[in-house]
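Asks: Structural data only, the sequence is not supplied:
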C-alpha cells in the first residue's frame, strides 16, 4: 500500500529567531512541516510557553475563540471545507470539558482534527477525551512528542477519519527536544474488493424489486458522488442520507430521497449501505439482502447482520460494482430498474411542484407576517453567487431553504447531521477561512445559534467575512414537531398546548443587538418585501454580517440595521 504526505505548506517557512529547540518550538515546526496554516484555540495558562512560541511563527495563524465549543465547531467547518485535519489548542480539563459536545459532533461526522490541550495534572485529560475521539494519548517525553503528533495526524486523516487528542504537559514542552521533524505519512486507502466479491454482490443485488441505498459521509470523503449517482441509476434505487453532513448526490436528482429513510429501509428487499452505518431505528425486512461497503471494518455489520460485507473505498468499489451489476442484470431487470427511475422522477417532480406551488400560493412577496422561510430562501436564491457555500443548521426551516437553494455540487453544501446544536455559525466561519474567495452563508435557528454565538466575535476579530441567517421562530420548533408526532403515536392531541419551556420569548433573544455586541452588523427582517435589500446588503458588506429573519412574530415593521 502506498503512502501520501499531508499537504505541504502553502508559503515558504519563516525562520524562527534563536536556537533553543524546546518542545514548544519543535511542535510548531512539525505542524508547519505538515502544512498547518491555522491553530484554532482559546488560550489558557497551562500552555503559556506554547502560546508565546506561536507568536514567533508568522506563517501559522492563531484563530482566537472565546469559548471552546465554538472553537471546535469552527475548526470542524474548516476541516470539512478543506478535507484536511484542522488543529485545535485547548486549556486543560475545563477547556477540554467545554469542548466535549462539539468533539462528539466531530467524531460522529468523522471530521479529521487534531485536538491538543495543556495538561496541568488537575484531571486525566486522556480519559475525558477518549469517548469522543478516535485516539487519545499523553506526551510523556520531549523526544517522542513529534512521533505522537505524526501518529495522531495519521489517524485523524486515515478513513474512518475523526478527531484525535494529545495531552501536552508543560514540563515536557519546556525541555529541549532533539527529535527530527518529518512530514506525516498517511496511508493510501484507495482499495477495492477482489473481483469475485464484487461479482457475487452484484448478483445478490440484481434480483431486487424494491432496492434502497443508505449512504453516509464516507461517500463524500472518497469523492464518490458521481459513482453513487450512476450506481443508483443503474439499480433503480432511491438514495437516503444516513446522518450525512455533506452532499452525497445532487438534491435535484429524482433518486435522492433526503436524510433519513427508516420506513423505506423496512420495505426494501435489497439494501446497499455505503460509507455509513445504520440509521437509528431502522430495521431491514426479514429476508432482505444487505450489502455493506466501507473503509471501516468496525462499521460493517456493526448494528445488523449483512449478507455481504466488503472493505473498500466507496468510489472505486461503487465504480466496480456498477460495471458488475450491469453485467449481472437481465434485460427484464434492467427495464424494471429504468421504470423505477421513471416513476420516482415523476413522483419527485410532482412533490416539488406541489411544494413550490404552496410556497408561491402563500405569497412569497406578501407584506403579511409572520415571514415564511420559503420567502427568505427564494430571495436569497435570487442574489447568491453560483459558487457560494451554504452551511445549514436551519433544522425545521431546512426543507424550505433547500427547496429554493437545492444543493447540487460537492464542497458547496454542509449540514448538521443531527444530535448537536451550535455548528451553523462557527462552521460557516471555518468554511470561509478555508475559502476566503467564496461567499459563505451559515443558517441557524434562534435556539441553535445561542450555543456558540461567541463565534460571531471570532468572525469580527479576524475579519472573516462569513454571512449568517438566523431563522428566528421564538422557540424549539423541532421539539414541538417531535412532541406532536409522539402524541399522534400515543393517541394524544397533537394540537394541545406545548410545555412553556419549548418557547424562548420571555425575554426574546435580540440577535441584532447580540451580533452588534460581538462586533458584527446585523439587520432584522419581518416582511418579504424587505428581504432583497437586506440580503443584498449582507452579501455586499465587506466583513461578517447577520440577518435575523423573524418567522413567528405578526405585526408591522421594516428591516432594521444596528451595530
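Replies: Received it, and whenever you're ready, just let me know what you need. Everything quoted here is computed from the prediction, not taken from an experiment.

Asks: Can you report how many residues neighbour residue 347?
Replies: By the criterion of other C-beta atoms under 10 Å, residue 347 has 12 neighbours. Every C-beta, even on glycine, is put in place using the N, C-alpha and C of the backbone.

Asks: residues in contact with the residue nearest to it when sequence neighbours are not counted?
Replies: Here the nearest residue to residue 347 in space, its sequence neighbours aside, is residue 254; by C-beta to C-beta, 6 or more residues apart in numbering that works out to 7.9 Å. Under the criterion of C-beta atoms under 8 Å, 6 or more residues apart in numbering, the contact list for residue 254 reads 341, 344, 345, 347, 348, 349.

Asks: The first one in helix, strand or coil?
Replies: Right, the one you point to is residue 341. Secondary structure assignment for residue 341 (DSSP: H, G, I helix; E, B strand; the rest coil): helix.

Asks: can you tell me the helix or strand for residue 193?
Replies: Using DSSP states H and E, residue 193 falls within no helix or strand.

Asks: The residue nearest to it when sequence neighbours are not counted: how many residues sit nearby?
Replies: Ranked by C-beta to C-beta, 6+ apart and with sequence neighbours excluded, the top spatial neighbour of residue 193 is residue 310, at 4.3 Å. Applying the criterion other C-beta under 10 Å, we find 21 residues in the vicinity of residue 310.

Asks: need the helices for the stretch 401-550 of the chain, in chain order.
Replies: Taking DSSP state H, counting those that start in this stretch to define them, one finds helices in the stretch 401-550 of the chain at 424-434, 455-461, 477-489, 511-517, 531-540.

Asks: which one of these has the most crowded surroundings?
Replies: helix 424-434 (a mean of 31; mean count of other C-beta atoms under 10 Å).

Asks: pLDDT (mean, whole number) over it?
Replies: Looking at helix 424-434 alone, the average pLDDT works out to 98.

Asks: coming back round to it: now that we have the contacts of residue 254, which of them are buried?
Replies: 341, 344, 348 (16 or more other C-beta atoms under 10 Å).

Asks: List the contacts of the nearest residue to the first one once chain neighbours are set aside.
Replies: Just to be clear, that refers to residue 341. Closest residue to residue 341 apart from its sequence neighbours, by C-beta to C-beta, 6+ apart: residue 236 at 5.2 Å. By C-beta under 8 Å, 6+ apart, residue 236 lies in contact with 211, 336, 337, 338, 339, 340, 341, 344.

Asks: what's the helix or strand residue 24 falls within in contact with?
Replies: Under the criterion DSSP H and E, the helix or strand holding residue 24 is helix 23-33. The contact list for helix 23-33 (C-beta under 8 Å, 6+ apart) reads 9, 13, 16, 39, 49-50, 52-54, 56-57, 59-60, 87, 139, 142, 145-146, 149-150, 168, 172-177, 179, 181-184.

Asks: Make a PyMOL selection of the buried ones in the residues you listed.
Replies: Here the buried members of the contacts of helix 23-33 are turned into a PyMOL selection, burial being counted by 16+ other C-beta under 10 Å:
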select buried, resi 9+16+39+49+50+53+54+57+60+87+139+142+145+146+149+150+168+172+173+177+179+181+183+184
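
Asks: coming back round to it: what is the subsequent helix or strand relative to the helix or strand the residue nearest to residue 193 falls within?
Replies: In the assignment (DSSP H and E), residue 310 maps to strand 308-311. For strand 308-311, the succeeding helix or strand toward the C-terminus, using DSSP H and E, is helix 314-328.

Asks: same for that following helix, what does it pack against?
Replies: Contacting helix 314-328 under the criterion 3 or more C-beta pairs under 8 Å, 6 or more residues apart in numbering; DSSP states H and E are the following elements: helix 195-206, helix 217-221, helix 225-235, strand 270-274, strand 289-294.

Asks: same thing but at 7 Å, please
Replies: Counting contacts by 3 or more C-beta pairs under 7 Å, 6 or more residues apart in numbering; DSSP states H and E, helix 314-328 packs against helix 195-206, helix 225-235.

Asks: Can you check what angle separates the last one from helix 195-206?
Replies: I take that to be helix 225-235. 50 degrees (axes from the mean of the first three to the mean of the last three C-alpha atoms, to 10 degrees).

Asks: right, and the helix or strand after helix 225-235?
Replies: Using DSSP H and E, the helix or strand that directly follows helix 225-235 along the chain is strand 238-241.

Asks: after that following strand comes which helix or strand?
Replies: Tracing the chain past strand 238-241, the next element assigned as helix or strand by DSSP H and E is strand 256-259.

Asks: mind checking how far the very next helix or strand once past that next one is from the chain centre?
Replies: Beyond strand 256-259 in the direction of the C-terminus, DSSP H and E gives the next helix or strand as helix 262-267. Helix 262-267 sits 25 Å away from the centroid of its parent chain (C-alpha atoms, centre = their mean, to the nearest Å).

Asks: Nearest residue to the middle of the chain?
Replies: In the chain, the residue lying closest to the centroid (C-alpha atoms, centre = their mean) is residue 245, at 4.2 Å.

Asks: ok, that residue touching residue 108?
Replies: No - with contact defined as C-beta atoms under 7 Å, residue 245 and residue 108 do not form a contacting pair (8.6 Å).

Asks: got any residues that touch both of the two?
Replies: Common neighbours of residue 245 and residue 108 (criterion: C-beta atoms under 7 Å, 6 or more residues apart in numbering): residue 417.

Asks: which ones are touching residue 487?
Replies: With C-beta under 7 Å, 6+ apart, residue 487 has these contacts: 493, 494, 496.

Asks: residues contacting the last one?
Replies: Pointing back at residue 496 there. Applying C-beta under 7 Å, 6+ apart to residue 496 gives the contacts residue 487.

Asks: next one: the first one
Replies: Under the criterion of C-beta under 7 Å, 6+ apart, the contact list for residue 493 reads residue 487.

Asks: gap between it and residue 162?
Replies: In this structure, residue 493 lies at 43 Å from residue 162, with C-beta to C-beta, to the nearest Å as the measure.

Asks: Can you tell me the closest non-neighbouring residue to residue 45?
Replies: Closest residue in space to residue 45, ignoring its immediate chain neighbours: residue 91 at 7.1 Å, by C-beta to C-beta, 6+ apart.

Asks: That neighbour contacts residue 47, correct?
Replies: Yes - in this structure, residue 91 is within contact of residue 47 by C-beta under 7 Å, at 6.4 Å.

Asks: and for these two, which residues touch both?
Replies: In terms of C-beta under 7 Å, 6+ apart, residue 91 and residue 47 are both contacted by the residues residue 118.

Asks: who has more neighbours, the two?
Replies: For residue 91 against residue 47, the residue with the higher neighbour count under other C-beta under 10 Å is residue 47, and the figures read 26 against 23.
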